[in-house]
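J.: Okay, structure incoming, though there's no sequence with it:
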């Protein structure tokens, strides 16, 4: 799971580790300083892959393009089927536009 620094808490990391989910979340500067201040009791540094973390930007941009439709952003559709149909339609439109950029 690639997440923002806002999700780098010890509790979030422990939860994901228990579920066997590999994380790509950078450590906050203040959390790293606190860990170093504790010395050997502070634990190991967080494993972080900066290249994989950069790829999350692509996913976030795609989600933002999908949310340009107000109906999808605010869940105006009441049934899961109609919401999923809107996601499919928006995905098809984005794909078609990528074939012939304006």
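T.: Here it is on my side, so go on. It should be emphasised that the depicted structure is a prediction, and the values quoted were computed from it without experimental measurement.
J.: Show me which residues of the longest helix anywhere in the chain are buried.
T.: Ordering each helix of the chain by length in residues (DSSP state H) puts helix 80-99 first. For helix 80-99, a neighbour-count test (16 or more other CB atoms under 10 Å) marks 86, 90 as buried. From N, CA and C alone the C-beta is placed, and that goes for glycine too.
J.: now stretch 6-17
T.: 8, 13, 16.
J.: Give me the contacts around it.
T.: 1, 3, 23, 25, 26, 27, 28, 31, 46 (CB atoms under 8 Å, 6 or more residues apart in numbering).
J.: Quick check: closest non-adjacent residue to the second one.
T.: If you skip the residues right next to it in sequence, residue 3 has residue 25 as its closest partner in space, 4.4 Å away by CB to CB, 6 or more residues apart in numbering.
J.: Return the distance of that neighbour relative to residue 69.
T.: Separation of residue 25 from residue 69 (CB to CB, to the nearest Å): 29 Å.
J.: likewise residue 62?
T.: For residue 62, the distance to residue 69 - CB to CB - is 13 Å.
J.: show me where pLDDT drops low in this structure?
T.: Scanning the chain for pLDDT under 70 picks out the ranges 102.
J.: and the residue nearest to residue 3, how many residues sit next to it?
T.: Look at residue 25: counted by other CB atoms under 10 Å, it has 22 neighbours.
J.: State the distance from it to residue 35.
T.: 14 Å.
J.: Among the buried residues of stretch 6-17, which are located in helices?
T.: 13, 16.
J.: Relative to residue 92, which of the buried residues of stretch 6-17 is nearest.
T.: Distance to residue 92 across those (CB to CB) is lowest for residue 16, with 32.6 Å.
J.: circling back: pipe the contacts of stretch 6-17 into a markdown table and attach secondary structure and distance to residue 87 per row.
T.: Shown next, in a markdown table, are the contacts of stretch 6-17 (DSSP: H, G, I helix; E, B strand; the rest coil; distance: CB to CB, whole Å):
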| residue | secondary structure | distance to residue 87 |
| --- | --- | --- |
| 1 | coil | 21 |
| 3 | coil | 22 |
| 23 | coil | 26 |
| 25 | coil | 26 |
| 26 | coil | 30 |
| 27 | coil | 33 |
| 28 | coil | 33 |
| 31 | helix | 35 |
| 46 | coil | 33 |
